[in-house]
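Chemist: kindly generate the corresponding structure for this input.
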Amino acid sequence: MQSTGLLSFAVALALFGRWPAFQAGEVPYAVALGALGVVSVAALYRALALGPIAVVAPVVASYVAITVAIVVTVLGERLSGAQVAAAAIVFCGVVATSTDGRELRATWGRPVPGVRVGLIATLGFGVWGALFAIATRAYSWDVMILLLRATSFVIIGAYVLVRGIDLRVFRDGRAAALATTVGILDTLANVLFGLGVQTGFASIAATGTGMYPVVPAILGVVALRERLAPNQYAGIGILVLGLLALGAVS
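Modeler: Predicted coordinates:
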């Protein structure tokens, strides 16, 4: 994923004549973002493996609140009362969409081993979003994405070499296509977030990223014939309503 994301973004920059000039001050941000991103994603996958997803997913999805809190504090952004209310609605929608109420009831009162690791992912993603916003206010977003992708590639590449991980699975065309698609889409998400930060309030752009649970929920229903819990349908409605309200007052 990291390699395909890095390669596709580098090719896109070259084709559109946007190959950036690098500055020394960008490197610390890129290294921190790359390392933090790898740790956060690893923690997310580990938390989901430990489960239960109904508890872990909403915990991780709450990273938006951390990002917004840091951005407002560090960048000094001031939201209106209407914007804060709309952002709160979005946050409630994110949590509701990420939570399967049926599974949550079944596991209520039991130890949840995935939550502690999930909190690491939550903190990591929250700080990553804020740090990315701060970095792209100081430097160009395209430079930052290129450098952080390169950092992630180096870190994961070193891990693969040290652990001797077998990559022959990617000889399968389907696995290679999936990794390529995920890498491109993940990088595109970074690009859109960077554009949002540079053209408006970083706190509002960060809040908008919270709508991501809607996409896997809809794809699960359409492609996998899954049935969402009633609260998840309500969560999607709340999330869309909150995003519309946020757009109207911003």
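Chemist: let me know the average pLDDT across the helix or strand that S3 is a member of.
Modeler: Using DSSP states H and E, S3 maps to helix 2-15. Model confidence over helix 2-15, given as mean pLDDT, is 81.
Chemist: tell me which residues of that helix come out buried.
Modeler: By neighbour count with 16 or more other Cβ atoms under 10 Å, helix 2-15 contains the buried residues Q2, S3, T4, G5, L6, L7, S8, F9, L13. Using the backbone N, CA and C atoms, a C-beta is placed for each residue, glycine as well.
Chemist: can you add distance to V94 and give these back as JSON lines?
Modeler: Shown next, in JSON lines, are the buried residues of helix 2-15 (distance: Cβ to Cβ, whole Å):
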{"residue": "Q2", "distance to V94": "26"}
{"residue": "S3", "distance to V94": "30"}
{"residue": "T4", "distance to V94": "28"}
{"residue": "G5", "distance to V94": "24"}
{"residue": "L6", "distance to V94": "29"}
{"residue": "L7", "distance to V94": "31"}
{"residue": "S8", "distance to V94": "28"}
{"residue": "F9", "distance to V94": "27"}
{"residue": "L13", "distance to V94": "32"}
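Chemist: got phi/psi on D172?
Modeler: phi -70, psi 120 (degrees, to the nearest 10).
Chemist: spit out the contact partners of it.
Modeler: If a contact means Cβ atoms under 8 Å, 6 or more residues apart in numbering, then D172 has no contacts.
Chemist: swap in A35?
Modeler: Taking Cβ under 8 Å, 6+ apart, we find A35 in contact with T151, S152, I155.
Chemist: what about it, distance to G129?
Modeler: 15 Å (Cβ to Cβ, to the nearest Å).
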